[in-house]
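Trainee: Give me the fold of what follows.
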Amino acid sequence: MKQPINCATAEGDLRALKNEKAYVAEQIVEGVAAIVPMSLVVGLLTGTQGTKFEVATGDYNKMIDKRMAEIKAQCNIQ
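Mentor: From the prediction side, this is the model:
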């Protein structure tokens with residue numbers, strides 16, 4: 001179950017997700033096929049703060065993009 005969107009923290013959540021995408025892009029350039037996401041982002045994506053799991057970088061980027069779109073839509077952020 002995903003963590004509910006909190007518009008009061010939306011800007012910070014979007015910054016964290018954007019930074020994580022930059023990290024993933026860096027890892028892809030270095031040839032990494034899977035990563036362990038930072039716990040804050042895992043919590044934003046899945047609602048399971050502190051859980052660690054390894055994800056394929058392409059799938060993970062799609063999860064981040066989807067969550068960013070959900071936050072922007074619900075909180076009316078451009």
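
Trainee: switch to C-alpha atoms for all contacts and neighbour counts from now on
Mentor: OK.

Trainee: for the protein, which spans come out with low pLDDT?
Mentor: Counting by pLDDT under 70, the chain contains low-confidence ranges at 1-2, 37-55.

Trainee: can you rerun that using 80?
Mentor: Segments of the chain classed as low confidence (criterion: pLDDT under 80) are 1-3, 28, 32-59.

Trainee: Could you look up the SS state of Val32?
Mentor: Following DSSP: H, G, I helix; E, B strand; the rest coil, the label given to Val32 is coil.

Trainee: which residues does it contact?
Mentor: Residues near Val32 by Cα atoms under 8 Å, 6 or more residues apart in numbering: Thr57.

Trainee: Look up phi and psi at it.
Mentor: phi -80, psi 130 (degrees, to the nearest 10).

Trainee: just the strands in this structure please.
Mentor: 34-35, 55-56 (DSSP state E).

Trainee: Include mean neighbour count and distance to Ala16 when you put those strands into a markdown table, please.
Mentor: Shown next, in a markdown table, are these (neighbours: other Cα atoms under 10 Å; distance: least, Cα to Cα, whole Å):
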| stretch | mean neighbour count | distance to Ala16 |
| --- | --- | --- |
| strand 34-35 | 17 | 16 |
| strand 55-56 | 14 | 18 |
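
Trainee: need the ones you listed in TSV with distance to Ala25, can you?
Mentor: Formatted as TSV, these follow (distance: least, Cα to Cα, whole Å):
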stretch	distance to Ala25
strand 34-35	11
strand 55-56	12
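
Trainee: Perfect, that will be all.
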